[in-house]
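A.B. asks: return atomic coordinates for the entry below.
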Amino acid sequence: MGSRRAGQSVDMGGTAWGVVVPARAAGEAGGGEQALQQVQTHQPDVVLLDMRMPEMTGMELFEWLRCEHPELAARTVFITGGAFTPAAREYLGKTKVRHIEKPFDPEKLVGIVKNTIG
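C.D. replies: Below you'll find the model as predicted:
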């Protein structure tokens with residue numbers, strides 16, 4: 001999957017949003033292992049990371065990012081949904097990683113992404 005540019009549509013949870021921020025996106029991954037490959041191959045400007053994914057949790061992938069790509073860990077935004085566990089809530093509070101809860105306002109997500117990439 002090639003890199004996307006600002007203004008292209010990004011599928012997030014079955015809904016396509018028009019994202020208008022100057023950022024490189026690697027695309028979407030079907031699970032944690034694919035996300036690892038995307039990050040290593042495409043070096044995105046920002047990582048939008050779901051807390052719950054097949055193969056590994058968002059927390060596990062974020063810990064890998066902190067070790068292997070700390071610059072990307074600093075530009076990660078967690079996306080949380082209905083099955084938000086107490087452990088996940090505690091993790092976000094402890095790590096202070098930016099996050100947004102589903103369902104979210106697309107404009108709010110754009111603001112968070114802009115703030116994340118500076």
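A.B. asks: from now on I want contacts and neighbour counts done on CA atoms only, so please keep to that.
C.D. replies: Will do.
A.B. asks: need the pLDDT of Ile117.
C.D. replies: Per-residue pLDDT puts Ile117 at 87.
A.B. asks: wait, I meant Val77
C.D. replies: Val77 is given a pLDDT of 92.
A.B. asks: which is the next helix or strand following the host helix or strand of it?
C.D. replies: Per DSSP states H and E, Val77 falls inside strand 76-80. Per DSSP H and E, the first helix or strand lying C-terminal to strand 76-80 is helix 86-95.
A.B. asks: now that next one: buried residues?
C.D. replies: By neighbour count on 16 or more other CA atoms under 10 Å, the buried set for helix 86-95 is 88, 92.
A.B. asks: for Pro54, see how far away the spatially most central residue of the chain is.
C.D. replies: Centre of the chain computed as the mean C-alpha position; nearest residue by CA atoms, centre = their mean is Leu48, 1.1 Å away. Distance, Leu48 to Pro54, using CA to CA, to the nearest Å: 15 Å.
A.B. asks: what of Thr95?
C.D. replies: For Thr95 relative to Pro54 (CA to CA), the value is 22 Å.
A.B. asks: quickly run through the sheet partners of the strand holding Val77, with directions.
C.D. replies: strand 47-50 (parallel), strand 98-101 (parallel) (DSSP bridges).
A.B. asks: re earlier: bridging residues for the residue nearest to the centre of the chain?
C.D. replies: Under the criterion used (DSSP bridges), Leu48 bridges to Val77.
A.B. asks: if we can go back for a sec, next one: the strand holding Val77 to chain centre, how far?
C.D. replies: The chain centroid and the centroid of strand 76-80 are separated by 5 Å under CA atoms, centre = their mean, to the nearest Å.
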